[in-house]
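**Q** below are the sequence and a predicted model for it; my questions follow.
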Amino acid sequence: MKILAAFAICLVFSTVANAERLAPEEADAIFMESLSAAQAGRHDIAIRNYRHLLRAVPTARIKLELARSYFSVGKFKQALALFREVYDAPGTPKTVKRNILPFIEEAELHILRVRFGARIVSDSNPARAPSGGTIFFNGIPLEYEPSSPREFAHGFEPWISVEKLWDNGLLTKFNGSARLFEHDELNVLRGRFSVGRMLPSKLFVEASLDAELNEDSPFMRPTLGAWRRFTLSSTSRIGVGGDIGYTFSEDHDRSGQFYRPYLFGDWTFRPNATFFWNASLEHQNALNDYYSYDKPSTTVGLDVKFGGWNVSPNLSASWTRFTEYDPFWRLNRKDVTVRPSFSVSHDRLEWKGIKPEFTIFHEGRDSNVDIYDYHQTGGFISLRRAY
């Protein structure tokens, strides 16, 4: 609720002193009485007074205070309608919109929070195919050609998420996405359903089911996970968690147990700049050891806001070591994958909560088995609904 206290500072709207149907002194007195009642937890009095004032003085400040009281007593539909009305008003400052948005999201979560969007993709190598060429085995030259084409392509990636926080404290989520290109071998359909709960100890526990449909090896993966975030200071947080589950693949050899402990955190070192990071260690124990691996990975990045611009450079890297010794290559395969990216958006480019974001990236894998090397460069425009 601390963010809501900033409304009084941020809002530059008309005040109750401009009442037409109430004398200014009477309107001010009712408004102050309503604020005091809300601060004391008497939201029934505050709601009655704010509704009376709103008929005479339909200002954004009164709408927000009424929405705040509705929110506090669990009347999320009424609160959401008022928060959205102020958010969508042409004269609402961007700082106020940023303060309102978390409360819109929270209110929606209690009703049914639906998010959707799409990415328009251009990619130099969407199949992540190597270049092919001549390889040597015991001095004998062999010609290698990748199974997938290495060519520039355009694609479309729609997605949707649906979330609800139930009265019993359970949080259910569904996420679905598709990757659509001209070539069928590049197309992917993904889905995830999860049920979780935040325990009194602030530990979040979750059970989920992931599924992916593709031409190579469709799979399903039931998972149990848990995480907890710790506040280190007013500007920094750290979290720890882990997942454990089993992969059921159409290619039976790839089926098997997996686990993934991870750490994550963020540090807001400037009012408009946040550093974030995560690190994990994934282990897949497949039925066929050829597909078993250990993969530590990490991501670091920045979220920076200035002059209405939102920019986010980040860098991801992973180191994959396959556990089975390959007698053909006489080694254990090891891959290093690096992906820098840069995203940018602007606050003015928004309509009814839909905001475009442009991202460029490059991804490369360097393997001690040359035929697994690849590089891809691309970009995409994301259109997502913020609320």
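**A** Structure's in. What do you need?

**Q** and stretch 119-132, average pLDDT?
**A** Averaging pLDDT along stretch 119-132 gives 79.

**Q** and it, how far from the chain's centre?
**A** Its chain's C-alpha centre lies 23 Å from the corresponding centre of stretch 119-132 when counted by C-alpha atoms, centre = their mean, to the nearest Å.

**Q** and stretch 338-354, by the same measure?
**A** The answer for stretch 338-354 is 13 Å, by C-alpha atoms, centre = their mean.

**Q** please apply the same query to stretch 168-187.
**A** 13 Å.

**Q** who's in contact with that stretch?
**A** Stretch 168-187 has contacts (C-beta atoms under 8 Å, 6 or more residues apart in numbering) with 109, 126-127, 148-149, 153-166, 188-198, 214-216. In short, each C-beta sits where N, CA and C put it, glycine included.

**Q** and with 7 Å instead?
**A** Residues outside stretch 168-187 that contact it (C-beta atoms under 7 Å, 6 or more residues apart in numbering) are 126-127, 148-149, 153, 155-165, 188-197, 215.

**Q** list the buried residues in that stretch.
**A** Under the neighbour-count criterion of 16 or more other C-beta atoms under 10 Å, stretch 168-187 has 171, 173, 175, 176, 177, 178, 179, 181, 186 buried.

**Q** report the mean confidence score over the helix or strand the fourth one falls within.
**A** With secondary structure defined by DSSP states H and E, residue 176 is part of strand 170-181. Confidence over strand 170-181 (mean pLDDT, whole number) is 95.

**Q** that strand pairs with which strands, and in what direction?
**A** strand 153-165 (antiparallel), strand 188-198 (antiparallel) (DSSP bridges).

**Q** buried ones in the shortest one, by neighbour count?
**A** So that's strand 188-198. 188, 191, 192, 194, 196.

**Q** Throw the residues you listed into TSV and include distance to residue 323 and pLDDT, thanks.
**A** Below are those laid out as TSV (distance: C-beta to C-beta, whole Å; pLDDT from 0 to 100):
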residue	distance to residue 323	pLDDT
188	26	94
191	29	98
192	27	98
194	29	98
196	32	97
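
**Q** from those residues, pick the one nearest residue 78.
**A** Comparing those against residue 78 with C-beta to C-beta picks out residue 196 as the nearest, at 27.3 Å.

**Q** what about the closest one, distance to residue 173?
**A** With the distance defined as C-beta to C-beta, to the nearest Å, residue 196 ends up 8 Å from residue 173.

**Q** and residue 276, by the same measure?
**A** Taking C-beta to C-beta, one finds residue 276 at 21 Å from residue 173.

**Q** now swap in residue 61 and tell me
**A** Residue 61 is 35 Å from residue 173, by C-beta to C-beta.

**Q** do residue 248 as well
**A** Distance, residue 248 to residue 173, by C-beta to C-beta: 21 Å.

**Q** ok, now residue 123?
**A** From residue 123 to residue 173 the distance is 28 Å (C-beta to C-beta).

**Q** can you check residue 371 too?
**A** In terms of C-beta to C-beta, residue 371 sits 39 Å off from residue 173.

**Q** now do the helices in the protein.
**A** Using DSSP state H, the helices of the chain run over 2-5, 7-10, 24-39, 43-56, 60-72, 76-88, 94-111.

**Q** good, we can wrap up now.
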